[in-house]
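Student: Provide a 3D model corresponding to the input given below.
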Amino acid sequence: MHIFLLALDGVFDTGLTVMLDALGLANKFAAREMGGSLSFEVTIVGMRRRVRSGQGFAIPVQPPPPGLRPDWVVVPALNTSTPESLVPALARPDVRQAKAQLRTWHAQGARIAASCIGTFLLADAGLLDGGQATTTWWLGPLFRQRYPKVSLDESRMLVPSGRVVTAGAAMGHLDLALWLIQQASPDLAAMVSRYLLADLRSSQAPYIVPHHLAQADPAILRFERWARDNLKQGFSLDTAARALATSPRTLQRRCQAVLGKSPLAYIQDLRIERARSLVHGSDLDLEAIAAEVGYADGSTLGALLRERLGRGVRELRADLL
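Tutor: Okay, here's the model as predicted:
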C-alpha cells in the first residue's frame with residue numbers, strides 16, 4: 001500500500017510524526033510476523049522544496065512523483081488552532097496548490113484522509129461536499145459555517161464517507177493511522193495499538209468543552225450564560241427565548257446553524273459537563289448531583305452519562321483512582 005503524507009509548511013509536528021511512527025511500527029511487525037507480505041510504503045510529499053514543521057524543524061519532502069498514483073493520501077493538520085490563523089492559511093499559495101493536487105489524486109482514484117485541521121483542506125477542495133465528516137471539535141462551528149454542503153458530526157472521532165475519511169482533533173491522527181492499518185490487517189492494527197497503548201476511539205464527545213463552542217457566536221454565548229445560571233431549572237425553549245429577547249424559532253435555528261444541535265441538546269451538554277465536575281470534585285451521590293443539574297431523579301442523569309460518555313458515576317469516580 002503506497003501512502004503519500006502531504007506535509008505543508010507549518011504542519012502539526014505530532015500529527016505528522018504519529019502517522020510515521022504508527023505506520024513504521026506496522027511495517028516492522030508485518031515483516032516479523034507476516035514475512036513481509038504486507039507493507040506500507042510512505043512518501044512525504046510537499047508543495048515547496050523546503051518545508052518546516054510548526055515547531056520549525058525541517059521536513060524532508062519531495063515533489064509528488066509524476067505518474068505515480070498513491071493508494072492513500074493523508075493530510076496532517078496545519079499547526080493553526082484558531083479561526084484567525086486558519087482562515088488566512090487556507091488561502092496561502094502552497095495550500096491552494098495542495099488543494100488542486102488533492103482533487104487530481106482523488107479524480108485518479110486515490111483515497112484521501114485527513115485529521116484535525118487537515119479536514120478543512122479537504123472541505124475547501126470540495127472533496128467532502130454531499131458527504132459526512134468530522135473535524136477538530138472546537139472548530140466545528142467554523143467548519144459548519146464555511147461548508148454547508150458537508151454533513152458534520154464533530155462528536156465522532158472518525159468518519160469514512162465514500163473514498164474520503166476524516167478524523168478528529170490532535171491525537172485523532174493516531175486513530176486515523178490505526179484505522180488505515182486496520183483496513184489492511186485487523187491483527188496488525190491490534191498489535192500496533194498495544195505497543196502504543198492506544199485504542200481506536202469512536203467519539204470525541206467526552207473531550208468537548210461546551211463553552212469553547214459557544215464562543216463562536218455572540219447569541220449562543222448569551223444563551224450559554226443564561227443556561228448555566230438556570231441549570232437547576234427544567235428547560236423551556238419559550239422561557240429561554242424570552243430571556244434572550246428572541247423567538248423560540250430563531251433560537252432553535254441559531255443553535256442548529258452554529259452548534260449542529262438543538263438548544264435542548266446543548267443544555268444536556270452543559271448538564272453533563274457540570275455533573276462530571278461534581279462527580280470528580282464532590283462526594284455527592286447520583287440523586288444529589290441530578291438535582292444540581294436540573295434532573296428530577298438520578299436514573300435520568302445516569303442514563304445520559306452512559307449514553308454520552310460511556311460511563312456512570314461509579315466508573316467516572318474510579319477513573320480518578
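
Student: who are the contact partners of the residue nearest to residue 22 when sequence neighbours are not counted?
Tutor: Among residues not flanking residue 22 along the chain, residue 177 sits closest, at 3.7 Å (C-beta to C-beta, 6 or more residues apart in numbering). Yep, even glycine has a C-beta here, placed from its N, CA and C like the rest. Shown in contact with residue 177 (C-beta atoms under 8 Å, 6 or more residues apart in numbering): 18, 19, 22, 23.

Student: quick check: of those residues, which lies closest to residue 118?
Tutor: Within the contacts of residue 177, proximity to residue 118 (C-beta to C-beta) peaks at residue 19, which comes in at 10.5 Å.

Student: shouldn't the closest one be in contact with residue 176?
Tutor: Yes: proximity of residue 19 to residue 176 meets the contact threshold set by C-beta atoms under 8 Å, at 7.5 Å.

Student: can you list residues touching both of these two?
Tutor: With C-beta under 8 Å, 6+ apart, residue 19 and residue 176 have common neighbours residue 74.

Student: which of those two has more neighbours?
Tutor: Between residue 19 and residue 176, counted using other C-beta atoms under 10 Å, residue 176 has the larger neighbour count: 28 against 23.

Student: in whichever strand or helix holds that one, which residues are buried?
Tutor: In the assignment (DSSP states H and E), residue 176 maps to helix 172-184. Within helix 172-184, the residues that qualify as buried are 172, 173, 174, 175, 176, 177, 178, 179, 180, 181, 182, 184, counting by 16 or more other C-beta atoms under 10 Å.

Student: what do you get for stretch 219-239?
Tutor: The neighbour-count check on stretch 219-239 (16+ other C-beta under 10 Å) flags 219, 220, 223, 224, 227, 230, 231, 235, 237 as buried.

Student: before we move on, what about stretch 88-101?
Tutor: 89, 90, 95, 98, 99, 101.

Student: equivalent analysis for stretch 72-91, please.
Tutor: Buried, per 16+ other C-beta under 10 Å, within stretch 72-91: 72-81, 83, 86, 89-90.

Student: may I ask which two of those are separated the most?
Tutor: Spanning the widest gap among the buried residues of stretch 72-91 are 72 and 83, at 28.7 Å by C-beta to C-beta.

Student: tell me how many other residues surround residue 310.
Tutor: Using other C-beta under 10 Å, residue 310 is surrounded by 12 other residues.

Student: same check on residue 109?
Tutor: As a burial measure, residue 109 scores 10 neighbours (other C-beta under 10 Å).

Student: secondary structure class for it?
Tutor: Secondary structure of residue 109, reduced to three states by DSSP: H, G, I helix; E, B strand; the rest coil: coil.

Student: contacts only, for it.
Tutor: Residues near residue 109 by C-beta under 8 Å, 6+ apart: 69, 163.
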